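1. Can you look at this prediction? I've put the sequence above it.
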Amino acid sequence: MADQKTATLTIDGKSYELPILSPTAGPDVIDIRKLYSQAGVFTYDPGFTSTAACDSTITFIDGDKGELLHRGYPIDQLAEKSHYLEVCFALLYGDLPSADELEKFERLVTNHTMIHEQMHMFFRGFRRDAHPMATMVGVVGAMSAFYHDSTDPNDPHQREVASIRLIAKMPTIAAMAYKYSIGQPFVYPRNDLDYASNFLNMCFSVPAEDYNVNPILARAMDRIFTLHADHEQNASTSTVRLASSSGANPFACIAAGIACLWGPAHGGANQACLEMLKEIGTVDRIPEFIARAKDKNDSYRLMGFGHRVYKNFDPRATVLKQSADEVLELMGVHDNPLLQVAMELEKQALADPYFAEKKLFPNVDFYSGIILEAMGFPTSMFTPIFALARTVGWISQWKEQLDDPQLKIGRPRQLYMGETAINYVDIEDR
Ligand code: SDX
């Protein structure tokens, strides 16, 4: 094509023209799909720091500007003006819904919030002190043993049913994992409550007395869901895409995403961050921890800081910082020592040349834990809440990949550095 941009690669005097594809936003990409067949070489990119694994229209991040768009809408506008289920609709179907579309979608989700009654027995097989993420990985994976009519990823209707079931049931499963861990009875979802209020009610109400959801907490909860909904091809989303490329059923793929999110370098950072703030304890100990994070010989890192893509403030952290103020004010814990430590830690880290040079800014996990703790959640529930919120992102990316006519099973190659062929040695000769 006349205006096709290309990159020229020269190896041993032979040149190869590689097409350059231009996005609607972000960097150009060099299309290397034919590189191995043409030049007999692989590219090498452990951790995928310079690799576009797919094309997508769902979410875009500009790491230098600290910008996050969902279907083109800036995250700060969505956090301020929208709500989680409306953002879910946009992520799933491509744009914000009409009033009628939204009403139908919210009713559909509401009517799927209960889980199969027999799954209650499944919970009882776990130890009470199991981490709720362990329970969620198990229970969500087990959904493929209960919902046989929505496991075929090649059937568009089954894809739609599985999508709604997962978005609707994740709060119920997360709340049940929490209740089970504290020895309280499960609380059934209620169709008269909105999504966030329903989750808070399932977590914090008890049969012994009435529980009224505080609307400010419900709004903060909904905002936390919205801010965690999707984030391009992060580790857990890439896990879901890779699992799905083999044709695995949606519940197994989402369980794989939950497992990946659990890691402290990813979604587990919110729990690790709050535990770090508690370990620091007081403002006067901050320099000691910053020194450890800067020490090349110490693998210690400041949890809640840094990001593979953001080399500026994570826009979600900015919004969460505002929510933290509102929630702590409401809960009468505005002088929360953890918040004081967090704000002073942020101030000292951002003033430190090490963090400035490496562009390490607070990320989404830095403030979310403070809000969740103020709302009454134990740290073990922080990552399950992240998983609950991210389910719509995983599902949206899963559906997008299944609709891609280029879909192939994901199968990276390697730079092999092991032994070349050697002969077997009998044990008596070793
Ligand atoms: C999430 O990908 C996503 O979009 C994820 C996420 C999403 O919504 O899905 O945004 C959610 O996972 C947010 C990130 C949560 N994780 C943490 O807060 C854990 C602490 N952060 C680090 O583990 C780290 O910053 C990562 C994992 C987030 C990013 O790591 P990278 O991109 O692989 O960067 P790197 O490890 O190569 O670090 C670059 C340099 C290194 O120093 P040098 O080897 O160059 O000398 O910066 C240093 C690192 O040592 N560094 C840190 C640091 N993070 C990076 N030093 C101290 N403290 C930190 N937190």
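-> In hand now; what should we look at? Residues are numbered from 1 along each chain as shown.
2. Now do the same contact list for the closest residue to G47 other than its chain neighbours.
-> Once flanking residues are discounted, G47 sits nearest to R308: 8.0 Å by C-beta to C-beta, 6 or more residues apart in numbering. All C-beta atoms are positioned from the backbone trio N, CA, C, and that covers glycine. By C-beta atoms under 8 Å, 6 or more residues apart in numbering, the contact set of R308 is G47, T49, N234.
3. Can you flag the buried ones in these?
-> Neighbour-count burial (16 or more other C-beta atoms under 10 Å) is assigned, among those, to N234.
4. Can you verify the residue nearest to G47 is assigned to a helix?
-> No - applying DSSP: H, G, I helix; E, B strand; the rest coil, one finds R308 to be coil, outside a helix.
5. Distance of it relative to H228?
-> 16 Å (C-beta to C-beta, to the nearest Å).
6. interface residues of the stretch 151-300 of the chain facing the ligand?
-> By C-beta under 6 Å from any ligand atom, the residues of the stretch 151-300 of the chain that approach the ligand are H231, N234, A265, H266, G267, A269, A293.
7. With secondary structure and pLDDT added, can I get those in TSV?
-> Formatted as TSV, these follow (DSSP: H, G, I helix; E, B strand; the rest coil; pLDDT from 0 to 100):
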residue	secondary structure	pLDDT
H231	coil	97
N234	coil	98
A265	coil	93
H266	coil	94
G267	coil	93
A269	helix	91
A293	helix	94
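8. and which of those is nearest to D429?
-> Closest approach between these and D429, by C-beta to C-beta: A265, at 44.9 Å.
9. so what's the nearest residue to V309 once chain neighbours are set aside up against?
-> Using C-beta to C-beta, 6+ apart and skipping residues adjacent in sequence, the residue nearest V309 is G63, 4.0 Å away. Going by C-beta under 8 Å, 6+ apart, G63 touches H307, V309, Y310, K311, N312.
10. Need the nearest residue in space to the last one, chain neighbours excluded.
-> What sits nearest to N312 in space, not counting adjacent residues and going by C-beta to C-beta, 6+ apart, is G66, at 3.6 Å.
11. List the residues that contact the one you found.
-> So G66 contacts Y310, N312, F313, D314, P315, T318, F361 (C-beta under 8 Å, 6+ apart).
12. at 10 Å instead, please
-> 75, 307, 309-318, 361 (C-beta atoms under 10 Å, 6 or more residues apart in numbering).
13. With L92 instead?
-> Applying C-beta under 10 Å, 6+ apart to L92 gives the contacts 58, 71, 105, 160, 163-164, 167, 392-393, 395-396, 399-400.
14. Next up, identify which helix or strand T51 is on.
-> Assessed by DSSP states H and E, T51 sits outside every helix and strand.
15. ah, wrong one, I meant G376
-> Counting by DSSP H and E, G376 is found in no helix or strand.
16. Give me the domain ranges for the chain.
-> Residue ranges for the domains of the chain, per the TED database: 6-52, 73-265+379-393, 268-312+323-375.
17. Could you check how far the first one is from the centre of its chain?
-> Relative to the centre of its chain, domain 6-52 is centred 28 Å away, using C-alpha atoms, centre = their mean, to the nearest Å.
18. can you check the last one too?
-> In terms of C-alpha atoms, centre = their mean, the centre of domain 268-312+323-375 is found 19 Å from the chain centre.
19. how close does the residue nearest to T49 when sequence neighbours are not counted get to I32?
-> Nearest in space to T49, with sequence neighbours left out and distances taken as C-beta to C-beta, 6+ apart, is R308 at 7.2 Å. With distances taken as C-beta to C-beta, R308 is found 21 Å from I32.
20. repeat for A220
-> Distance check for A220 against I32: by C-beta to C-beta, it reads 44 Å.
21. before we move on, what about R107?
-> 46 Å.
22. who has more neighbours, the two?
-> I32 (18 against 11; other C-beta atoms under 10 Å).
23. Need the pLDDT of that one.
-> I32 carries a pLDDT value of 98.
24. and it, what are its phi and psi?
-> Here is the backbone geometry of I32 (degrees, to the nearest 10): phi -110, psi 20.
25. Buried subset of the contacts of L92, written for PyMOL?
-> PyMOL command restricting these to the buried ones, with burial defined by 16+ other C-beta under 10 Å:
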select buried, resi 58+71+105+163+164+167+392+393+395+396+399+400
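26. if we can go back for a sec, go back to the contacts of G63 and keep what's next to the ligand.
-> Checking these against the ligand (C-beta under 6 Å from any ligand atom), the matches are H307.
27. now the contacts of G63: which count as buried?
-> Buried by 16+ other C-beta under 10 Å: H307, V309, Y310, K311, out of these.
28. Nearest to the ligand among the residues you listed?
-> Distance to the ligand across the buried ones among the contacts of G63 (C-beta to the nearest ligand atom) is lowest for H307, with 5.1 Å.
29. I'd guessed that closest one sits against E232; true?
-> No - applying C-beta atoms under 10 Å as the test, H307 and E232 come out as separate, 11.4 Å apart.
30. Could I get the full set of strands for this protein?
-> 6-11, 14-21, 29-30, 59-62, 67-70, 73-74 (DSSP state E).
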